[in-house]
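In: generate coordinates for the sequence data below:
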Amino acid sequence: MLKMKRTLSVLSLCILFIICMGCTNIKGTQKEEERNTAQEETVAAGNDLEAKGDEEGREIGSGQNGDESGAKEGEREQEAAKAEEVNEEGRAETVADDREGKEGTASSEHGMGSGEAEPETEVSDMEPTMVYTTANVNVRLAPSVDAEVFDLAPRGTVYEKNGEGEGWSRVVIDGEDYYIKSDYLRERKPSGISGGHLIAIDAGHQSRGNSDKEPIGPGASETKAKVTGGTRGTTTGLYEYELTLMVSLKLKAELESRGYEVYMVRESHDVDISNAQRAQMAYDSGAEIFVRIHANGSENSGANGAMTICPTGSNPYIPDLYEDSKRLSSSVLDGLTASTGCRRERVWETDTMSGINWSMIPVTIVEMGYMTNPEEDAKMADEGYQQLIAIGIADGIDGYFE
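Out: Next up, the predicted model:
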């Protein structure tokens with residue numbers, strides 16, 4: 001009996017030992033599976049981060065390349081804009097038909113094979129007419145931008161034109177035919193249509209100024225307002241643009257009574273004409289001289305007298321007009337002061353006046369007197385005194401042509 005109990009105890013211990021070993025194996029297997037699962041999750045997470053990092057890197061790289069590309073494109077557009085601006089505004093130092101040449105070359109490259117010659121331009125005969133150049137422009141031996149350049153014609157050069165066709169004009173120089181792009185030529189009306197001298201008169205200013213800017217001369221980088229409203233009488237309240245037209249109309253009548261022809265830049269206050277445009281209009285009219293009527297102003301109410309203005313001898317825009325403009329200014333000032341008895345100030349030589357710098361014929365600005373001086377302001381508002389001013393200026397013009 002005792003022996004049987006011992007045997008059962010040993011069996012019980014063996015069974016318990018086996019059960020404990022089984023539990024241990026099960027727990028070990030679970031832990032191993034958990035470790036494997038954790039490692040797999042870690043690897044997956046790492047792969048996700050790496051993939052995301054690659055994707056973000058590609059996006060960032062794409063953005064940087066796009067900005068750089070955009071910046072370069074912007075620079076190219078700015079350079080192109082600057083080049084076009086130079087083409088449009090470089091009247092004094094660039095050749096007008098160079099741009100046409102580039103465009104013609106581009107067209108030929110796209111439109112013809114490299115071995116094909118440009119077709120010959122047909123120029124038809126026409127009644128001879130006088131024209132002038134509106135920019136520095138090449139004069140060529142044939143009507144083509146590929147033709148040899150004979151000469152560079154400065155702005156304002158006058159030619160006889162006897163043919164035209166396909167954007168080209170044929171002009172005569174010393175009996176020989178040459179060619180200029182038609183875009184840079186304008187008809188020049190003959191002087192003295194009825195036998196007398198033709199005078200252009202500009203009544204200074206207008207009822208409303210234009211503060212937009214324009215170059216002070218052909219090709220200039222410096223700019224000024226296109227036209228201002230002018231000064232005003234401190235005593236009479238008369239505006240300068242009103243006074244200048246009153247006197248200009250009297251001057252027109254006086255000159256016509258002496259056999260002159262007259263071109264008026266404006267005969268109304270309700271206009272918008274810049275100083276450069278006024279000079280162009282005077283030239284287009286065929287006038288021989290350009291007389292611009294103005295009145296003066298000063299912070300010093302005692303300032304009085306008449307003066308005229310002309311370019312200097314070293315004017316960078318119209319140096320060849322200095323002598324005649326100075327002579328015209330001196331003669332007009334002498335006539336004006338003799339007629340009215342007002343104080344003779346001076347002939348002021350300056351290159352700051354855009355209305356002078358853009359002129360292509362002898363020019364003077366007449367400052368009749370000071371609207372800021374009570375006595376002179378009252379005189380200039382008087383019809384009789386205005387007539388004396390007109391007579392005096394006309395006397396000066398007579399003296400100029402004599």
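
In: part of a strand, is residue 326?
Out: No - using DSSP: H, G, I helix; E, B strand; the rest coil, the assignment for residue 326 is helix, not a strand.

In: hang on, it packs against residue 347?
Out: Yes - with contact defined as Cβ atoms under 8 Å, residue 326 counts as touching residue 347 (6.7 Å). (Glycine included, C-beta is placed from N, CA and C.)

In: what sits in contact with each of the two?
Out: Here residue 326 and residue 347 have residue 310 as joint contacts, going by Cβ atoms under 8 Å, 6 or more residues apart in numbering.

In: contacting residues around the residue nearest to residue 157 when sequence neighbours are not counted?
Out: Spatial nearest neighbour of residue 157, chain neighbours left out: residue 133 (4.8 Å); criterion: Cβ to Cβ, 6 or more residues apart in numbering. Residues near residue 133 by Cβ under 8 Å, 6+ apart: 153-157, 159, 180, 184-185.

In: any idea what residue 363 is bridged to?
Out: residue 290 (DSSP bridges).

In: closest to residue 236 among the contacts of residue 133?
Out: Taking Cβ to Cβ as the measure, residue 156 is the one of these closest to residue 236, at 39.9 Å.

In: distance check, the closest one against residue 217.
Out: Note on residue 156: its distance to residue 217, by Cβ to Cβ, to the nearest Å, is 13 Å.

In: same check, this time on residue 169
Out: According to Cβ to Cβ, residue 169 and residue 217 sit 26 Å apart.

In: one step back: make TSV out of the contacts of residue 133 and add secondary structure.
Out: Formatted as TSV, these follow (three-state DSSP):
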residue	secondary structure
153	strand
154	coil
155	coil
156	coil
157	coil
159	strand
180	strand
184	helix
185	strand
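
In: and the buried ones among the residues you listed, selectable in ChimeraX?
Out: Command for ChimeraX that selects the buried part of the contacts of residue 133, burial taken from 16 or more other Cβ atoms under 10 Å:
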select :153,155,156,157,159,180,184,185
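
In: in the chain, which strand is the longest?
Out: Counting residues, the longest strand found in the chain (DSSP state E) is strand 124-133.

In: please save the CA atoms from that one in PDB.
Out: C-alpha atoms of strand 124-133 as PDB (Å, rounded to 0.1, in the frame of the first residue of the first chain):
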ATOM      1  CA  SER A 124       6.900 101.800-109.000                       C
ATOM      2  CA  ASP A 125       7.500 105.300-110.300                       C
ATOM      3  CA  MET A 126       5.600 108.200-108.800                       C
ATOM      4  CA  GLU A 127       5.400 112.000-109.100                       C
ATOM      5  CA  PRO A 128       8.400 113.500-107.300                       C
ATOM      6  CA  THR A 129       7.600 114.700-103.800                       C
ATOM      7  CA  MET A 130       9.700 116.100-100.900                       C
ATOM      8  CA  VAL A 131      10.000 113.900 -97.900                       C
ATOM      9  CA  TYR A 132      12.100 113.900 -94.700                       C
ATOM     10  CA  THR A 133      13.400 111.200 -92.300                       C
END
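
In: and it, what's buried?
Out: Buried residues in strand 124-133, counted by 16+ other Cβ under 10 Å: 129, 131-133.
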